[in-house]
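>>> no FASTA, just this:
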Ligand code: NAP
Ligand code: HSE
């Protein structure tokens with residue numbers, strides 16, 4: 001802090017979010033004294049090229065040296081919005097060790113190394129806040145850590161990736177195929193040049209790891225989350241699913257059962273009346289079930305310059321309040337126990353299965369017999385003739401252990417004289 005008690009802030013990275021934080025901070029600066037009892041100023045912004053002209057930014061704030069920021073003892077808060085693991089991990093570690101508080105939007109980092117960084121923050125008595133790392137502008141980390149602290153949370157489930165939700169919405173509402181919907185998402189700037197992390201579920205998986213760690217007070221990392229993407233979903237799947245009263249969404253879900261924590265991101269059939277079924281386009285929503293509160297849902301914009309800056313700014317204001325009352329580090333890591341992770345094959349699921357079969361007597365009976373052998377019960381079945389001598393068989397199973405369903409599927413793959421193609425296998429929310 002300056003001698004006049006002004007909190008000084010450094011922003012690391014001046015991209016979409018960093019630029020938004022800078023602009024929002026300027027717009028809010030005159031309210032900070034009233035809100036926190038302290039004034040604040042942006043002291044420095046770390047960029048890769050300080051000579052690059054940047055509209056609306058005071059060039060004297062730009063620096064290419066993290067060391068200068070680290071060794072400036074008047075800087076109290078570091079806002080890390082560069083993204084990626086390194087050098088963000090090293091910079092945050094060094095900043096905490098130097099006694100600075102940290103605000104970050106970095107889900108990749110928090111999902112992989114959140115435990116070690118939060119432990120360090122606790123050790124040095126500083127804040128490490130990361131509201132923007134999950135679902136952008138939607139308040140979800142603070143509500144779970146604080147407002148819902150009196151609950152035992154048993155399930156957290158959400159649509160936490162806007163790009164894939166936009167693609168699935170277009171496929172559902174306009175009958176587009178995946179590749180056309182992805183092209184549209186790219187054209188509108190929702191999907192990145194390399195959309196792999198979004199469409200393969202990795203982005204949502206990182207957010208889920210963070211949410212599950214908070215929900216169950218046990219560290220869950222990205223590598224603990226089973227991830228499946230949406231690139232194999234077809235317009236035909238969506239049509240059948242609609243006829244069965246459901247919709248397909250990329251669902252991030254974590255549950256604590258008696259055996260441990262189940263955490264997965266996957267395309268799933270949701271009943272059309274489920275609250276998450278009505279979350280469309282790039283919007284996100286997170287659904288939390290607590291034993292005392294029951295069901296709660298948080299909805300809004302999960303990404304974008306100002307929604308994400310809104311979450312960072314809320315964290316900055318929280319840190320300022322803690323600085324004022326000498327209580328930084330007040331709410332640290334909540335992981336006080338270790339709950340094992342359940343392997344996916346041990347989980348109980350229901351499945352939607354679409355297959356191309358030979359249309360002759362006995363085929364359906366053979367398929368049913370394999371399912372019976374492995375304890376897979378059929379809940380709903382539709383068969384439609386396609387071309388001469390072929391039919392499309394679509395069925396939804398009852399609950400079954402994943403490993404038993406996989407055995408039945410393996411057997412189907414060997415029945416090439418009857419089953420010509422297994423077109424889709426999608427889990428059904430229960
Ligand atoms: P971005 O637009 O790519 O901005 C990142 C900025 O950081 C770039 O300007 C980049 O500079 C700079 N940078 C990277 N490494 C640096 C280094 N070593 N030294 C100095 N500057 C460096 O990314 P973003 O969308 O703002 O995302 C930032 C973070 O927020 C990420 O962790 C992301 O996951 C998270 N987030 C983003 C959103 C969103 O809607 N965008 C939502 C929630 C969370 P160059 O331009 O020179 O490469
Ligand atoms: N790529 C993410 C999304 C936004 O599509 O939701 C950043 O978290």
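Perfect, I can see it now. Because the structure is predicted, anything quoted here is derived from the model rather than measured. Numbering: from 1, shown residues only. Ligands and ions are numbered 1, 2, ... in the order given.

>>> Domain map for this protein?
6-136+305-324, 141-301, 345-428 (automatic domain parsing).

>>> Could you export those domains as a markdown table, including mean neighbour count and mean pLDDT?
Any C-beta I mention is one placed from the backbone N, CA and C, and that applies to glycine too. Shown next, in a markdown table, are the domains of the chain (neighbours: other Cβ atoms under 10 Å; pLDDT from 0 to 100):
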| stretch | mean neighbour count | mean pLDDT |
| --- | --- | --- |
| domain 6-136+305-324 | 19 | 97 |
| domain 141-301 | 20 | 96 |
| domain 345-428 | 16 | 94 |
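
>>> Quick check: which of those domains is nearest to residue 337?
domain 141-301 (5.4 Å; Cβ to Cβ).

>>> And that closest one, end to end?
End-to-end span of domain 141-301 (Cα to Cα, to the nearest Å): 15 Å.

>>> rewinding a little: need the domains of the chain in CSV with distance to residue 330, can you?
What follows is those, written out as CSV (distance: least, Cβ to Cβ, whole Å):
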stretch, distance to residue 330
domain 6-136+305-324, 6
domain 141-301, 10
domain 345-428, 37
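
>>> do you know which of those lies nearest residue 331?
domain 141-301 (6.1 Å).

>>> The closest one and ligand 1, any residue contact?
No. Under the criterion of Cβ under 6 Å from any ligand atom, ligand 1 is not reached by domain 141-301; the shortest gap measures 8.0 Å.

>>> can you tell me if that domain touches ligand 2.
Yes. Using Cβ under 6 Å from any ligand atom, domain 141-301 reaches ligand 2 at 161-163, 198, 203.

>>> From these, which land in helices?
Mapping the residues of domain 141-301 next to ligand 2 onto helices (DSSP state H) picks out 162-163, 198, 203.

>>> Let me see the ranges of the strands in the stretch 51-200 of the chain.
In the stretch 51-200 of the chain, the segments counted as strands under DSSP state E, counting those that start in this stretch are 62-63, 75-80, 101-104, 128-129, 153-159.

>>> Out of these, which gets nearest to residue 9?
Ranking these by proximity to residue 9 (Cβ to Cβ) places strand 75-80 first, at 4.6 Å.

>>> Centre of the chain to stretch 68-77, how far?
On the basis of Cα atoms, centre = their mean, to the nearest Å, stretch 68-77 sits 32 Å off its chain's mean C-alpha point.

>>> likewise stretch 231-247?
Counting by Cα atoms, centre = their mean, stretch 231-247 is centred 23 Å from the centre of its parent chain.

>>> ok, and what's touching that stretch?
With contacts defined as Cβ atoms under 8 Å, 6 or more residues apart in numbering, stretch 231-247 is touched by 168, 171-172, 175-178, 199-200, 248, 267, 269-272, 277, 352, 354, 380, 382, 394, 396, 423-424, 426, 428.

>>> Which ones among these map onto helices?
Members of the contacts of stretch 231-247 lying in helices (criterion: DSSP H): 168, 171-172, 178, 199.

>>> This completes my enquiry, with thanks.
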